[in-house]
Structures are given as C-alpha cells and as structure tokens.
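Peer 1: give me coordinates for this.
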Amino acid sequence: MQGFKIYPESKLEKNNKTYSLAQKDLKKYLLSDDGVSELTHANANKLRKFFPHLNPTTCGIKRSFGFGDRLGLATAGHVKTLKARDIFPVFAQQSIREMERTGRSMEDVLDDAMWGVFQAGYRGGYGADIDHVKKEEDVIKACECGYTMFTIDPSDYVNDRAKDIVSIYGKAIEHIIRCYNLIKKKTSAPFDFEASVDETATPTTPQAHRFIVEKLRKAGVNFTSLALRFIGDFEKGIDYIGDIEVFKEQFLAHAAICREFGGYKLSIHSGSDKFSIYPIISEMAHGVFHIKTAGTNWLEAVRLISHKDPALYRRMHELALYSFEKDRKSYHVTTDLSKVPALDKLSDEKLPELLNENNARQLMHITYGSILKDMREEIYKTLNLYEDEHYKMLCTHLGRHLSLAGI
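Peer 2: Reported below is the predicted structural model:
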C-alpha cells in the first residue's frame, strides 16, 4: 500500500488472507486483505485467536529474563536482543505502580508486547508478568486479561520490626497463599507464580528462605520462582552496591537451598544494570534464575532522546529535578542531586554522558511518570522517528546484561 513502510518479518497468513504490520507518518497500523486497521485491543484479540504464538505462555523453571517496557515500544528491539540466546523472555512485564504512572492499563501492556512480537516475526514463546501485584482485585483483573505470570508482593504484610521468622513473614505468607488460591479459582489455564519478599528492610536469611518454601509447599502453592531480599543494595538503574564477596557467600547459601528443594528458581528484582553480580548469579544458580529489568529500558530511550533531540532532553531533565522529591518516595535510592552536573554547563554533545552517571541515571529513572505526563507525545514521536537506532541501543545494552549472565 502506498506510503506504508511494511515490516517484512510480520507477515502472517490465515484463511487465505495476509496480515502484516506497517508504519505511516510515525504511526503503526495492521494491514490485511480487508484493508488498513488501527492497533486496537479488539484487533489484538483477533490476531491472538488466529495465531496462537502471539499469545503469552508459561515458562516454568527454565532460566528467564524480564524485559520491563514502560513505553510499549521496545519489544521488537528486545526480540533482536534474543538472537542466538537460550533464554525465555517475559516481554509483557509491568507493576501496578508503573501502570499508574505511565497511564497504561493491563490490556495495554499485553497488547503492546504482542504487537512487538508480531512486528518482529517472533515465534519462540514469551511470558506476561503482572509484576509486584498486591491487591486481590488486581490479581483477578490480571487473570481476566490473560497474564501468564503472577508476581505477588506481600510487603504490606511483612513485619520487619518482629524478632522471629514466624512473626516477620507469617501474614505475608498467608497473603501469598490467598492470592495463589484465587488465581487457581479464577483460571483453568496454566500459569507461572512468583512469591516476592524482596521489598523488606532487612535481607532474607537462609533460615527465612527455608521457612518460606516449607510453608508455601505445605499449603500446596506451586510457585515457579522466589524473589528474596538479597544482601547489599539493589537500587534502581545502577550496579550492585555492597561487598561482592559477602553477596557471593550469601547467594551461594540461597542457591543451595533452592537446589535442595527443587522445582523453583531464584528471581532477582531491580536487576537492571547489576553487571558486577550477573556472573555470580549465573554460576551459583547453575543457570536456573529469573532476572527482572524495567527502568534500564526507559533510560536507553532517554539516552536516544539526549542524542537526537537535546532540547527535549533538557526539558525532561528540568522536570525530573522539579519532580524528584515527590517521585522518590516510593523508591529506595540514595541519589545525591548535588552530584548531577548542571545542564547549563553541558554542551548538547555531552548530554548522553549524563546517562553514565549514577545520580543522573536515578534522577531520570524514577521520575518517568511525571515526565510522561507532560511530554508523552514528543517522547513517542522522537522514539518512533528513530526506531531502528532505538532498537540497536536496546540490543547493545540489554545484550550486555544477558552476556554477563552467561546467556
């Protein structure tokens, strides 16, 4: 069709009709023998019905990687990152908090990932994770939407002030069990289930790890992954902070418990840019693990904007400074804004280097909601205009994550 850029890898045939994805004037469309259609939820469901490989599926305990995409633009780039790598991808991964701040719905997250899979011609299977879900009503909604992975966050029930393991984790485990049974009641489809106790004030001890597993197993909870609060600091968008040798010793103990019980894998949250510990995780977990990333994908989008539209980046940065104190309240970060270089002292050519500095990375990382609220249209326009370069940057950056993790 005239004026449309068709993605050749997307072409699929069903009932003697051809379907493909195309772009025109920086907007994407579904092309078929019936004409040109918008990328609506109804059309996404139509394609899922015709082509089963476009539906998310389960992973089990194979090693896996979560590609959290806050913008809904990155999946085709993530597919390119997977080339010749033995890993199960979770392309649709978003927490309720992220959805609220980006103005996206559960359906949006699923649909955007599916359109990316369709565009890239990917057929290898992928997961859909409703991440850090706390409320039972959100668990029900995720079941209705078709998510295949449920990460339950019981942090509101963890009593960090208690002295014994039962008092610290007892009510949290009860909440995890309730959510698991609710999913079993609401869906007959298979699903991956992750119990997450990583958002606590103190690290999970090996004794607590063992206690949690025993309680969940006794209650019949078939969990496929367990996210612990590992020793050290897993701050957003930067490398691990802590003694590497101590982390190695503690992770070895947790990996041994995981192998002893079997049937689940260790999940590493806030896994973005934890380059110094990926080799340890890969070696100690014997290749059976799940790593979650999210903000680092957003930061690569920000980096592209700093290259291609410095004026837009400068406005994003100024808004981030204004919004930082409000937005940081729900994140554990040690950002020192006094160490972020002043914009008026940086040339346009130097702006991308800001994304290599920890304090500037965290500044832009946690203020994404405020930035998108004010500048969404301009941000999407720039990323769509430079789509191929965006994908290349994702391949390079996420590829480094995967390579260091032995993938």
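Peer 1: which residue lies nearest the spatial centre of this protein?
Peer 2: The residue lying closest to the centre of the chain (Cα atoms, centre = their mean) is G68, at 2.2 Å.
Peer 1: N297 is in contact with that residue, correct?
Peer 2: Yes: under the criterion of Cβ atoms under 8 Å, G68 is in contact with N297, at a separation of 6.3 Å. C-beta coordinates here come from the backbone N, C-alpha and C atoms, glycine included.
Peer 1: pop the domain breakdown of the protein in here.
Peer 2: If you go by automatic domain parsing, the domain ranges for the chain are 5-52, 54-296+398-404, 304-386.
Peer 1: average pLDDT across the helix or strand where A76 lies?
Peer 2: The secondary structure element spanning A76 is helix 75-81 (assigned by DSSP states H and E). The average pLDDT within helix 75-81 is 98.
Peer 1: can you tell me the average pLDDT over the helix or strand that comes right after that helix?
Peer 2: Remark: after helix 75-81, the chain's next helix or strand is strand 88-95, criterion DSSP H and E. Within the predicted structure, the mean pLDDT of strand 88-95 is 98.
Peer 1: same question, stretch 325-338
Peer 2: Along stretch 325-338, the predicted local confidence has a mean pLDDT of 91.
Peer 1: going forward, count from 363.
Peer 2: OK, 363 is where the count begins now, so the last one is stretch 687-700.
Peer 1: what's in contact with that stretch?
Peer 2: Contacts of stretch 687-700 from elsewhere in the structure, counted by Cβ atoms under 8 Å, 6 or more residues apart in numbering, are 459, 595, 597-598, 603, 683, 686, 720-721, 724-725, 727-729, 731-732.
Peer 1: what about the strands in the chain?
Peer 2: Under the criterion DSSP state E, the chain contains strands at 367-368, 374-376, 379-386, 389-394, 397-399, 426-429, 450-457, 489-495, 511-514, 554-558, 587-589, 627-630, 651-655.
Peer 1: will you turn these into JSON lines that also has mean neighbour count and distance to R463?
Peer 2: Rendered in JSON lines, the data for these read as follows (neighbours: other Cβ atoms under 10 Å; distance: least, Cβ to Cβ, whole Å):
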{"stretch": "strand 367-368", "mean neighbour count": "13", "distance to R463": "31"}
{"stretch": "strand 374-376", "mean neighbour count": "15", "distance to R463": "34"}
{"stretch": "strand 379-386", "mean neighbour count": "17", "distance to R463": "27"}
{"stretch": "strand 389-394", "mean neighbour count": "18", "distance to R463": "24"}
{"stretch": "strand 397-399", "mean neighbour count": "12", "distance to R463": "30"}
{"stretch": "strand 426-429", "mean neighbour count": "27", "distance to R463": "18"}
{"stretch": "strand 450-457", "mean neighbour count": "26", "distance to R463": "9"}
{"stretch": "strand 489-495", "mean neighbour count": "26", "distance to R463": "13"}
{"stretch": "strand 511-514", "mean neighbour count": "26", "distance to R463": "18"}
{"stretch": "strand 554-558", "mean neighbour count": "25", "distance to R463": "19"}
{"stretch": "strand 587-589", "mean neighbour count": "25", "distance to R463": "21"}
{"stretch": "strand 627-630", "mean neighbour count": "24", "distance to R463": "23"}
{"stretch": "strand 651-655", "mean neighbour count": "27", "distance to R463": "17"}
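Peer 1: could I get the ones you listed in CSV, plus columns for distance to L713?
Peer 2: Formatted as CSV, the strands of the chain follow (distance: least, Cβ to Cβ, whole Å):
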stretch, distance to L713
strand 367-368, 29
strand 374-376, 41
strand 379-386, 27
strand 389-394, 28
strand 397-399, 38
strand 426-429, 26
strand 450-457, 28
strand 489-495, 31
strand 511-514, 35
strand 554-558, 36
strand 587-589, 35
strand 627-630, 31
strand 651-655, 23
